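Q: Okay, sequence plus prediction incoming.
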Amino acid sequence: MGESDRKRYNCWIGAMKSFYLETFGCQMNVHDSEKVIGTLEQRGYAQVDTADAADLVLYNTCSIRDKAEQKVFHRLQEGKRVKGKVFGVLGCVAQQEGEKIFERAPHVSLVVGSASYTKLGELLVRIEAGERKVTGLSLDTEDTFETPLTRRDNPHRAYITIIEGCDKSCAYCVVPFTRGPERSRTSQSVIDETAKLASSGYSEIQLLGQNVNSYRDPSPAGWDFARLLEAVGSVPGIRRVRFTTSHPRDFVKEIIDAIDRTETLCNQVHLPVQSGSSRVLAAMQRQYTRDQYMQRIEWMKNAKRDIAISTDIIVGFPGETDEDFEHTLHLLDEVEYDSIFSFKYSQRPNTPALKLEDQIPEEEKSRRLTILQERQRAIQMRRNTNLVGGRQEVLVEGSNSSTGQWIGRTSQNRILNFTTAPRPDGTVIPRERMIGNYLPVRVTRAGPNSLVGECAIAV
Ligand code: SAH
Ligand code: SF4
Ligand code: F3S
């Protein structure tokens, strides 16, 4: 029986309900969705590709900036016209807006924040019983959302959450309100999950948390993050380990030492700075100065491995002067980041910065963002050009049918699009032989956002 026949058959016998899930936001949300999907499938739901085809329509939402929040209300608006479906809002907007969502979108029946996913099973039972205003909004949990039911789609790279929530209080940020207090998993459960994934063929692990550096093993072993990182990298079968996100305040030199010692730990660190001005950093309540941040950068630059560094930057935080912004531009030149994510400051509910006066006009924020991104583009072009002529090992992740190139990713997290030597018999390499392989590729060209290369090995 084909997949669509099976779904039709199950619907016909009334055994299977269908669900559609759309995910917004960060990797933690993406991974939460994998766990939500596993939980739903275990309860007899089948995933479908469109909201139209689903009995249960779920949005796993992000609230980090206003635009992200608006997106989900647009989606809900579109759904209002369709009768006979159950709608649910999960994740950060659910936690932030709570029962107000029922007023703004009365056709929504389920509102669940990520700190309550451990109760998802019970909440679904109530929905299935016909209840139409079900919430899971408690933040006072000690638990992490661990489940053996995670449904991962990528067969080579797997996310593992090691710490949930955030105990910092950056003045602009909703995360401490939407994801609750920090809770770390035991090191043993992280290692066991890694070993299980390795034995199922996964070779790359990405450790997740809003602040992985404040990981503290709750078991008597009491490991810190550097220790955990090295242990995950030593699990047989694992070839690459990445981690995100690091908070500079809790970023210790032992992490760099672990990368230097352990080849499987990728030479890539994402260390969000937010601003190059110590004055703005203080107003943001980031708990470090520019000099302290630069000390972390020095550790990386002095490492034995060539560590690629990326960051997040917010422009137009309330009170940011032209001079503050200049400091951020100089920081880019000084650090020479390999990539950045940059955002215009967005006012968020409940956050301390909401009350600050001296908001920067929208046009000025846009102007600063453009200048910042142009400056960084030139830096990236330069850094990528330095790699031309050298060899990089890539994990093959996909292919681009329009260019005929394979898409690989380097340990430094760069995209390297490449071609392979023609096969002697003229046949095309089957996708399944390439995807998931690690191959050496010679870099022939560079752009600001990716590299181009050739692989001489006949596959
Ligand atoms: N825990 C991570 C950040 C997670 S949010 C950390 O501390 O680095 C990802 C990024 O979104 C942040 O680094 C910040 O640059 C950006 N961001 C968060 N709140 C924002 C806001 N109110 N306006 C604009 N950008 C914001
Ligand atoms: Fe938000 Fe700061 Fe926590 Fe990151 S560390 S999630 S920016 S409060
Ligand atoms: Fe967004 Fe929540 Fe992640 S606000 S960035 S989905 S933690």
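A: Ah, there it is. Ligands and ions are numbered 1, 2, ... in the order given.
Q: Quick check: residues of this protein near ligand 2?
A: 166, 168, 170, 173, 175-176, 210-211, 247 (C-beta under 6 Å from any ligand atom). C-beta: built from backbone N, CA, C; applies to glycine.
Q: What is the most widely separated pair among those?
A: Largest separation among these by C-beta to C-beta: 176 and 247, giving 12.3 Å.
Q: Quick check: neighbours shared by these two?
A: Residues touching both residue 176 and residue 247 comprise residue 168, with contact defined as C-beta atoms under 8 Å, 6 or more residues apart in numbering.
Q: coming back round to it: how about the residues of the chain next to ligand 2 in a markdown table, adding secondary structure and neighbour count?
A: Shown next, in a markdown table, are those (DSSP: H, G, I helix; E, B strand; the rest coil; neighbours: other C-beta atoms under 10 Å):
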| residue | secondary structure | neighbour count |
| --- | --- | --- |
| 166 | coil | 23 |
| 168 | coil | 17 |
| 170 | coil | 21 |
| 173 | coil | 22 |
| 175 | helix | 22 |
| 176 | helix | 19 |
| 210 | coil | 21 |
| 211 | coil | 21 |
| 247 | coil | 20 |
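Q: ok, and which of those reach ligand 3?
A: Taking C-beta under 6 Å from any ligand atom as the test, ligand 3 is in contact with residue 175 out of the residues of the chain next to ligand 2.
Q: where do the strands sit along the stretch 51-200 of the chain?
A: For the stretch 51-200 of the chain, the strands defined by DSSP state E, counting those that start in this stretch cover 56-61, 86-90, 108-112, 134-136, 157-161, 163-164, 183-184.
Q: These: which one's closest to residue 342?
A: strand 56-61 (22.4 Å).
Q: Have a look at the protein and report the helix or strand with the lowest mean pLDDT.
A: Taking mean pLDDT, DSSP states H and E as the measure, helix 3-12 is the helix or strand of the chain with the lowest mean score, a mean of 44.
Q: Which residues of this protein lie near ligand 1?
A: Applying C-beta under 6 Å from any ligand atom, we find that the chain lies next to ligand 1 at 64-65, 172-173, 175, 210-211, 245, 247, 272, 274, 312, 314, 343, 345-346, 348.
Q: mind redoing it with 8 Å?
A: Within reach of ligand 1 by C-beta under 8 Å from any ligand atom, the chain has these residues: 26, 64-65, 166, 168, 170, 172-175, 210-211, 245-247, 272, 274, 312-314, 341-348, 351, 353.
Q: give me every residue that touches residue 306.
A: Contacts of residue 306 by C-beta under 8 Å, 6+ apart are 267, 412.
Q: can you rerun that using 10 Å?
A: 267, 300, 387, 411-412 (C-beta atoms under 10 Å, 6 or more residues apart in numbering).
Q: do residue 150 as well
A: By C-beta under 10 Å, 6+ apart, the contact list for residue 150 reads 31-39, 158-161, 193, 197.
Q: Return the subset of these lying in helices.
A: Counting by DSSP state H, these place 31-39, 193, 197 in helices.
Q: Reformat these as a markdown table; add pLDDT.
A: A markdown table is the format used below for these (pLDDT from 0 to 100):
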| residue | pLDDT |
| --- | --- |
| 31 | 97 |
| 32 | 97 |
| 33 | 98 |
| 34 | 97 |
| 35 | 97 |
| 36 | 97 |
| 37 | 97 |
| 38 | 96 |
| 39 | 95 |
| 193 | 97 |
| 197 | 97 |
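Q: Just the buried residues of the residues you listed.
A: For those, a burial check counting by 16 or more other C-beta atoms under 10 Å picks out 31-39, 193, 197.
Q: Nearest to residue 456 among these?
A: For these, the nearest to residue 456 is residue 197 (31.2 Å; C-beta to C-beta).
Q: Need the pLDDT of the closest residue to ligand 2 within the stretch 201-350 of the chain.
A: Nearest residue of the stretch 201-350 of the chain to ligand 2 (C-beta to the nearest ligand atom) works out as residue 210 at 4.1 Å. Looking at residue 210, its pLDDT reads 96.
Q: Give me the nearest residue to it, chain neighbours excluded.
A: Distance criterion C-beta to C-beta, 6 or more residues apart in numbering; nearest residue to residue 210, sequence neighbours excluded, is residue 166 at 4.2 Å.
Q: Residue 93: what's it in contact with?
A: 24-25, 59-63, 68-73, 101, 111, 113, 174, 178.
Q: any idea how far the nearest residue to it once chain neighbours are set aside lies from residue 74?
A: Counting by C-beta to C-beta, 6+ apart, residue 93 lies nearest to residue 61, which is 3.7 Å off, once chain neighbours are set aside. Separation of residue 61 from residue 74 (C-beta to C-beta, to the nearest Å): 12 Å.
Q: The two: who's more crowded?
A: residue 61 (30 against 9; other C-beta atoms under 10 Å).
Q: and the more buried one, what is it in contact with?
A: Residue 61 makes contact with 22-25, 29, 68-69, 71-73, 75-76, 89-97, 101, 113-114, 178 under the criterion C-beta under 10 Å, 6+ apart.
Q: shaky segments in the stretch 51-200 of the chain?
A: 81 (pLDDT under 70).
Q: Helices of that one, residue ranges please.
A: 66-79, 91-97, 100-104, 120-128, 175-179, 187-199 (DSSP state H, counting those that start in this stretch).
Q: Adding distance to residue 222, write those helices out as TSV.
A: Below are the helices of the stretch 51-200 of the chain laid out as TSV (distance: least, C-beta to C-beta, whole Å):
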stretch	distance to residue 222
helix 66-79	36
helix 91-97	30
helix 100-104	40
helix 120-128	30
helix 175-179	24
helix 187-199	9
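Q: any idea which of those is most buried?
A: helix 91-97 (a mean of 26; mean count of other C-beta atoms under 10 Å).
Q: what helices or strands is the longest helix belonging to the chain leaning on?
A: When the chain is parsed with DSSP H, its longest helix is helix 362-385. When contacts are defined as 3 or more C-beta pairs under 10 Å, 6 or more residues apart in numbering; DSSP states H and E, helix 362-385 sits against strand 308-315, helix 322-335, strand 339-344, strand 438-446, strand 451-455.
Q: I'd like those written out as JSON lines, with distance to ligand 3, mean pLDDT and mean neighbour count added.
A: Output for those, formatted as JSON lines (distance: least, C-beta to the nearest ligand atom, whole Å; pLDDT from 0 to 100; neighbours: other C-beta atoms under 10 Å):
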{"stretch": "strand 308-315", "distance to ligand 3": "11", "mean pLDDT": "98", "mean neighbour count": "21"}
{"stretch": "helix 322-335", "distance to ligand 3": "21", "mean pLDDT": "98", "mean neighbour count": "16"}
{"stretch": "strand 339-344", "distance to ligand 3": "11", "mean pLDDT": "98", "mean neighbour count": "18"}
{"stretch": "strand 438-446", "distance to ligand 3": "30", "mean pLDDT": "97", "mean neighbour count": "17"}
{"stretch": "strand 451-455", "distance to ligand 3": "28", "mean pLDDT": "97", "mean neighbour count": "21"}
